[in-house]
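K.L.:
quick one: sequence plus predicted model below, questions after.
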Amino acid sequence: MHERSAMNGFVKFFGTGGARFVVSTQLRSTAGILVRYLNTNLYIDPGPGALVRIHAAKERFNLTHLDGIILTHKHLDHSNDVNVMIEAMTEGGFKKRGVLFCPQDALDDDPVVRKYVMKNLDGVQILREGETYTIKDITFTTPVKHLHPVETYGIKFLLNKTISFIADTRYFERLPEFYHCDCLIANVLRKKPIGDDDVVAHLSIEDFARIVTQLKPEVAIMTHFGMAMIREKPYLMAEQLKAETGIEIIAAYDGMRWNF
């Protein structure tokens, strides 16, 4: 990437929307997240519009400087642009470059990654529960398999700070203990919990509050909002939760950059 942070790294939220209605209306972008640490660049969940949003951003980003792409799972709001992102990273397939990290079912069962673009990668690493992965300056773990209709993993980055990213999941009692961290990022799709089955398996603001209260991170960032959350204005919810917990709570917005 062209720019360098005065700190050790940053997270760039190219998209903060999630689920079908937000994907189809693009009330919030569904472009995913870039993580940069030292000289390493990883892109998480390039959903619909990722390539366009990146090239339209005020801060210029060179996708040939990407080192890897992580798919937490294969649902389209997280994976739709993975193939064009791989092509951009590999300069249309003319330069063998980059590593794809993804669950096995993103490749084998109703695959979302094309075989012809995969051959241009330096490698593919399969995400599994409890495994540790390293790419250049970045080491991360996938501490637990989430409760979601497809194989899904969150990410715990072991950097100058421990940064946990809780991907889509239904809340379960032991979830927080896997994500102890200095800084927390979580997909908070719903305003209220809806049922217990995996079809509606996403965190609500109530679930997020329970996690934050238990983990007590330095900062907690909400993202990946569904329609009801957007209507209720996530920044107001963040302010209320900050007042209740005393913890720095941020509602991410499209284009937000958070330095660490």
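P.N.:
Happy to help now that I have it.

K.L.:
tell me how many other residues crowd residue 185.
P.N.:
Look at residue 185: counted by other C-beta atoms under 10 Å, it has 30 neighbours. Every residue, glycine included, has its C-beta placed from N, CA and C.

K.L.:
let me know the distance separating it from residue 173.
P.N.:
21 Å (C-beta to C-beta, to the nearest Å).

K.L.:
same question, residue 233
P.N.:
In terms of C-beta to C-beta, residue 233 sits 30 Å off from residue 173.

K.L.:
same question, residue 229
P.N.:
23 Å.

K.L.:
show me the shaky parts of the stretch 1-150 of the chain.
P.N.:
1-6 (pLDDT under 70).

K.L.:
hmm, residue 81 and residue 49 touching each other?
P.N.:
Yes: counting by C-beta atoms under 8 Å, residue 49 touches residue 81, with 7.0 Å between them.

K.L.:
shared neighbours of these two, anything?
P.N.:
With contacts taken as C-beta atoms under 8 Å, 6 or more residues apart in numbering, residue 49 and residue 81 have residue 31 as neighbours in common.

K.L.:
the more surrounded of these two?
P.N.:
A direct count of neighbours by other C-beta under 10 Å for residue 49 and residue 81 places residue 81 higher, at 25 against 20.

K.L.:
ok, longest strand in this structure?
P.N.:
When the chain is parsed with DSSP state E, its longest strand is strand 183-190.

K.L.:
that one pairs with which strands?
P.N.:
Strand 183-190 has the following sheet partners, assigned by DSSP bridges: strand 162-166 (parallel), strand 203-204 (parallel), strand 219-223 (parallel).

K.L.:
outside of it, which residues touch it?
P.N.:
11, 18-19, 33, 161-168, 200, 202-205, 207-208, 211-212, 215, 217-226, 228-229, 234, 252, 260.

K.L.:
gap between the nearest residue to residue 80 once chain neighbours are set aside and residue 32?
P.N.:
Using C-beta to C-beta, 6 or more residues apart in numbering and skipping residues adjacent in sequence, the residue nearest residue 80 is residue 48, 4.4 Å away. Computed with C-beta to C-beta, the distance linking residue 48 and residue 32 is 10 Å.

K.L.:
between the two, who's got more neighbours?
P.N.:
Neighbour comparison, residue 48 and residue 32: the larger count goes to residue 32, with 33 against 23 (by other C-beta under 10 Å).

K.L.:
what ranges does the stretch 51-200 of the chain have for its strands?
P.N.:
68-70, 99-102, 123-126, 131-135, 138-142, 155-158, 162-166, 183-190 (DSSP state E, counting those that start in this stretch).

K.L.:
any chance of those strands in TSV, with distance to residue 242 too?
P.N.:
Shown next, in TSV, are the strands of the stretch 51-200 of the chain (distance: least, C-beta to C-beta, whole Å):
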stretch	distance to residue 242
strand 68-70	29
strand 99-102	33
strand 123-126	37
strand 131-135	33
strand 138-142	27
strand 155-158	23
strand 162-166	18
strand 183-190	13
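
K.L.:
so which of these is nearest residue 114?
P.N.:
For residue 114, the closest of those is strand 99-102, at 11.3 Å, according to C-beta to C-beta.
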